[in-house]
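Asks: got a predicted structure here, sequence first:
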Amino acid sequence: MKFTTVITALSLALTVSASPLSVQKRSANIVKTNRRPQFRIKDANSTTHVFDAAAAQNERARIRTKYGSGAHYRKRMTEGPSSRKAKRVERIEPFDINQSRQRKRQAAGTGQDSLDNANDVLYFGAIQIGTPPQNTTADFDTGSSDLVVPIEICQDDQGQACGGPVFTRNDSSTFRLSNSPFQIQYADQSGATGAVAEDTVTVAGLTIDNQRFGAVNVEFGGFSRPGNNAGLLGLGFPDNAVSKQTPFFHNLAEQGKLASNLFSFFMTRNDQSGSELCMGCMDSTKFTGDLSFFPLDPSATNGTQLFWNIASDGAAVNNSTPTGSLAAIIDSGTSLIFVPSDVAQSIYSQIPGAQASTDPQLQGFFTAPCDAIASANVSFVFGGKSFNVDPADFNLGAVSNGSTDCVAGIADSGANDGLAILGDEFMKNWYSVFDLGGERVGFAQAVQAST
C-alpha cells in the first residue's frame, strides 16, 4: 500500500516549531484500536441487560484484524521480524507494595495507576506527555506494543474534534516530530493517521525521555468515543510494534527503572472504582491465595515473542476434560474471550440449550437459556490447574427485551489457528501479573465479589 498522498498531507498538517526527529521512513499499521464498545444495554423499563449485537461484531472484526491467524504470524515472521529485538532483562522477585518487609528495598521503581472502568469492557488510566507534563488518558493494552496519542489538531471524518484530552505539541519544549507517517486501519473501517513523534512520557510516576509514539491528527470510521480514553499504550513486545519503536514498558525495564520488571492488573466489575495497573509491582491486597505462574510460549508465532501468550491445556466445562492445546493470549486490550471454532463448538456442546446464533448480527456468538449460562462453570486450564470465567462476566445479556435466552461471552474467532484470546472477561476474575524478567504470566483469585 502506497502512502504518498498521506505523507504529503501529514507534512502540511503536522508541521510545528519543534526539533526534527530522524527515524526510518516507513508506514506503521497498528493492529489495535482504542475504541471498545458496550455490550450490555440496560432496558429502561426493567433491570434486564440486553446484548448489543452490533457492538460485539465490531469487537470480533477488530480481533480478526489484530491477530489474523497463527498462519498469518508464522508467515510474517518468516518474511522477517522487526530489527528491534527485545533485550533480556533481569529477573527480580515480584515487588509487593504492601509487604512491609519488602519496603526496605528502593521503592522508586514502582507506580500505581488508578484505572477507570468504562461499562466493564474498557479500563483506562492517566498518562503524562511533554515538558511540562500534559495529562491525557490511554487504554493499557497487553495485546499491542505502540503508544498512540491524539494531538491538538486531531479531527474525525465529520470534522469534529477527536476525543481528548489531546496533546498540544507547541506547549512541550521536548517534543520532536519525524517525517515517518503513522497509519492505523481496521476491519470495521475505523482508523487514524499521523506521524511518529518523540517526547517525555510518564505513567504512574515512571518516566521515559525520548519515548517515540504515534501523534494522531486524523481519526475516521468512529475510531474514538468522547468520554473514554484518548489514546492507547501498548504493553506488548517490540517485535509486535509495527512502528518499530521500543514500547514504553520495555524502555522502563531495559533502563533499570523498575523495582521488578513486571506489571500487574486488577479489574473491577459493575462499573465499580478501584481498578489498577501496578507498574514494577504487584499488590497483594487485590488477590487471595498464591500466584500461579506459567512460562511464555512463543511457539504459536514462529518462536518470536509478540504477545503475552502461555500454553493452555484448553477449555473445560464443569470440570470436563480440557478441549486440547491452545496458545492463550492474555489481552487487557480485548473485552471478551475468543477461541478457535472447534473449541467454541466443544464448549457449547456441553451447555444445555446452547446453539450458534443464526442471526447475521450475532455471527460467531452462541446463545443459551440464561439460567444455563449462569450455572455453567467454564474454565481455562494451565499446567493442569483450572481458572474459571465468572458467570457474571460470561453472560453478556438477553438476546432481546423479555427473552429468557442470553448471549454467552466466549465467541468463535472464525479460525482454527490454536489461538485463544482471553480478554477482560477473564482478567476480571484473576489478578494478572506480566513478568518480563521471568518471561511468565501469573494469576491469583481477584478479591472482588462476583455480582
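Replies: Thanks, I have the structure now. A quick note: this is a predicted structure, and the numbers were derived from the prediction, not measured.
Asks: low-confidence stretches in the stretch 51-200 of the chain?
Replies: Where the stretch 51-200 of the chain drops to pLDDT under 70, the residues are 68-86, 100-107, 186-188.
Asks: can you show me the helices along the stretch 351-451 of the chain?
Replies: Listed in chain order, the helices found in the stretch 351-451 of the chain under DSSP state H, counting those that start in this stretch are 370-375, 391-394, 424-427.
Asks: hey, which of the ones you listed is tucked in deepest?
Replies: Of these, the one with the most neighbours on average (mean count of other C-beta atoms under 10 Å) is helix 424-427, at a mean of 25. Backbone N, C-alpha and C define where each C-beta goes, glycine included.
Asks: centre of the chain to the helix ranked longest in the chain, how far?
Replies: Identified as the longest helix of the chain according to DSSP state H is helix 53-67. Here helix 53-67 is found 13 Å from its chain centre; the criterion is C-alpha atoms, centre = their mean, to the nearest Å.
Asks: show me which positions of it end up buried.
Replies: By neighbour count with 16 or more other C-beta atoms under 10 Å, helix 53-67 contains the buried residues 53, 55-67.
Asks: before we move on, the earlier item: make TSV out of the helices of the stretch 351-451 of the chain and add distance to residue 230 and mean pLDDT.
Replies: What follows is those, written out as TSV (distance: least, C-beta to C-beta, whole Å; pLDDT from 0 to 100):
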stretch	distance to residue 230	mean pLDDT
helix 370-375	35	96
helix 391-394	26	94
helix 424-427	19	98
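Asks: would you turn those helices into a markdown table with distance to residue 306?
Replies: What follows is the helices of the stretch 351-451 of the chain, written out as a markdown table (distance: least, C-beta to C-beta, whole Å):
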| stretch | distance to residue 306 |
| --- | --- |
| helix 370-375 | 32 |
| helix 391-394 | 26 |
| helix 424-427 | 19 |
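Asks: wait, what's in contact with residue 264?
Replies: The neighbourhood of residue 264, defined by C-beta atoms under 8 Å, 6 or more residues apart in numbering, consists of 277-278, 281-283, 431-434.
Asks: which of the residues you listed sits closest to residue 312?
Replies: Ranked by distance to residue 312 (C-beta to C-beta), the contacts of residue 264 are led by residue 432 at 14.3 Å.
Asks: and the closest one, how far from residue 362?
Replies: Noted for residue 432: a distance of 29 Å to residue 362, by C-beta to C-beta, to the nearest Å.
Asks: over to residue 218?
Replies: As defined by C-beta to C-beta, residue 218 lies at a distance of 32 Å from residue 362.
Asks: go through the contacts of residue 264 and name the one nearest residue 405.
Replies: residue 432 (31.4 Å).
Asks: now that closest one, nearest residue through space, not along the chain?
Replies: Leaving out its chain neighbours, the residue that sits closest to residue 432 by C-beta to C-beta, 6 or more residues apart in numbering is residue 265, at 4.9 Å.
Asks: would you mind listing the buried residues in the one helix or strand the one you found maps to?
Replies: Element membership for residue 265, per DSSP states H and E: strand 262-266. Within strand 262-266, the residues scored as buried using 16+ other C-beta under 10 Å are 262-266.
Asks: now stretch 346-361: buried residues?
Replies: 346-348, 351, 354, 356-357.
Asks: now those in TSV, with distance to residue 310?
Replies: Formatted as TSV, these follow (distance: C-beta to C-beta, whole Å):
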residue	distance to residue 310
346	20
347	19
348	24
351	25
354	27
356	28
357	30
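Asks: quick check, nearest of those to residue 162?
Replies: Closest to residue 162 out of those is residue 357 (34.3 Å), distances taken as C-beta to C-beta.
Asks: might one say that the closest one is in contact with residue 365?
Replies: Yes: taking C-beta atoms under 8 Å as the definition, residue 357 is a contact partner of residue 365 at 5.3 Å.
Asks: what do the two both touch?
Replies: Contact with both residue 357 and residue 365 is made by residues residue 407, according to C-beta under 8 Å, 6+ apart.
Asks: nearest spatial neighbour of residue 427, chain-adjacent residues omitted?
Replies: Using C-beta to C-beta, 6+ apart, the nearest residue to residue 427 is residue 267, at 5.4 Å.
Asks: ditto for residue 206
Replies: Once its chain neighbours are removed from consideration, residue 206 has its nearest residue in residue 111; the separation is 4.8 Å (C-beta to C-beta, 6+ apart).
Asks: show me the beta-bridge partners of that neighbour.
Replies: Going by DSSP bridges, residue 111 is paired in beta bridges with residue 279.
Asks: gap between the closest residue to residue 221 other than its chain neighbours and residue 197?
Replies: Closest residue to residue 221 in three dimensions, ignoring its sequence neighbours and counting by C-beta to C-beta, 6+ apart: residue 190, at 3.4 Å. Per C-beta to C-beta, residue 190 is found 22 Å from residue 197.
Asks: name the residues of the helix or strand hosting residue 153 that are buried.
Replies: Secondary-structure assignment from DSSP H and E places residue 153 in strand 147-155. When burial is assessed from 16+ other C-beta under 10 Å, strand 147-155 yields the following buried residues: 147-154.
Asks: max-length strand in the protein?
Replies: Taking residue count as the measure and DSSP state E as the definition, the longest strand of the chain comes out as strand 206-220.
Asks: and it with strand 147-155, angle?
Replies: What separates the directions of strand 206-220 and strand 147-155 is an angle of 40 degrees, with axes from the mean of the first three to the mean of the last three C-alpha atoms, to 10 degrees.
Asks: and strand 206-220, what's buried?
Replies: Of the residues in strand 206-220, 206-208, 211-220 count as buried by neighbour count, 16+ other C-beta under 10 Å.
Asks: dump those to CSV, plus distance to residue 248 and pLDDT.
Replies: Conversion of the buried residues of strand 206-220 to CSV gives the following (distance: C-beta to C-beta, whole Å; pLDDT from 0 to 100):
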residue, distance to residue 248, pLDDT
206, 9, 97
207, 10, 98
208, 6, 98
211, 6, 98
212, 9, 97
213, 8, 96
214, 12, 93
215, 15, 96
216, 16, 93
217, 21, 95
218, 23, 93
219, 21, 89
220, 26, 85
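Asks: quick one: the closest residue in space to residue 162 that isn't next to it in sequence from residue 199, how far?
Replies: Of all residues not flanking residue 162 in the chain, residue 154 sits nearest, at 3.7 Å (C-beta to C-beta, 6+ apart). Look at residue 154 and residue 199: by C-beta to C-beta, they are 16 Å apart.
Asks: do the same with residue 286
Replies: Using C-beta to C-beta, which is the criterion applied here, residue 286 is 32 Å from residue 199.
Asks: pick out the residue nearest the middle of the protein.
Replies: Among the residues of the chain, the one closest to the centroid is residue 333, at 1.7 Å (C-alpha atoms, centre = their mean).
Asks: give the contact list for it.
Replies: With the criterion set at C-beta under 8 Å, 6+ apart, residue 333 makes contact with 32, 139-144, 232, 234, 423.
Asks: one step back: isn't the residue nearest to residue 427 up against residue 117?
Replies: Yes: in this structure, residue 267 is within contact of residue 117 by C-beta under 8 Å, at 7.2 Å.
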